[in-house]
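*Asks:* Here is a sequence with its predicted model. Questions after.
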Amino acid sequence: MEELPEYAERVLEVVELIPPGRVMTYGDIAEWLGEGGPRQVGRVLALYGGGVPWWRVVRSDGTLLPGHEVRAVGRYRTEGTPLREAPRGATGHVPRIDMRRARWDGMSTP
DNA sequence: GTGCTGACACAGG
DNA sequence: ACCTGTGCCAGCA
């Protein structure tokens, strides 16, 4: 059985609450919990994020996790997450999240 | 105790 | 749009 710190459990719980097609930033989660900071949230996901939709947690500017961009973009296309598509034909360029539309404040429940 | 590191955020150039 | 520096908080050598 896992002995997760309570803070980690809270973070994971919030991440699981994020509806498909939406995203939250590390800072938003920290603020939503009212405790810790973005870096702590990031650390929790790095350690225990394997069981939650980690791709729905992005940086405030909408950039994806280094090394996991391809996997994440696959999910976004499947879930219909608003992306800022690169201008036609820009090969090698990874799309970023359209934060203005995709950001979820946690208010409207799915 | 001291210092570096990290799945971050923000401001400036 | 990209890179750099500074601030923040916790973990680790």
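*Replies:* Ah, there it is.
*Asks:* how near is the residue in chain A that DNA strand C sits nearest to to residue A:44?
*Replies:* With C-beta to the nearest atom of the strand as the measure, residue A:37 is the residue of chain A nearest to DNA strand C, at 3.7 Å. In this view, the C-beta of every residue, glycine as well, is placed from N, C-alpha and C. Taken as C-beta to C-beta, to the nearest Å, the spacing of residue A:37 relative to residue A:44 amounts to 11 Å.
*Asks:* More neighbours: these two, which one.
*Replies:* Each of residue A:37 and residue A:44 has its neighbours counted (other C-beta atoms under 10 Å); residue A:44 has more, 23 against 12.
*Asks:* Give the closest residue to residue A:72 in space, chain neighbours not counted.
*Replies:* Once flanking residues are discounted, residue A:72 sits nearest to residue A:55: 4.1 Å by C-beta to C-beta, 6 or more residues apart in numbering.
*Asks:* That should have said residue A:22, apologies.
*Replies:* Once flanking residues are discounted, residue A:22 sits nearest to residue A:104: 3.8 Å by C-beta to C-beta, 6+ apart.
*Asks:* For that neighbour, list the residues it contacts.
*Replies:* Residue A:104 makes contact with A:18, A:19, A:22, A:23, A:24, according to C-beta atoms under 8 Å, 6 or more residues apart in numbering.
*Asks:* No more questions from me, cheers.
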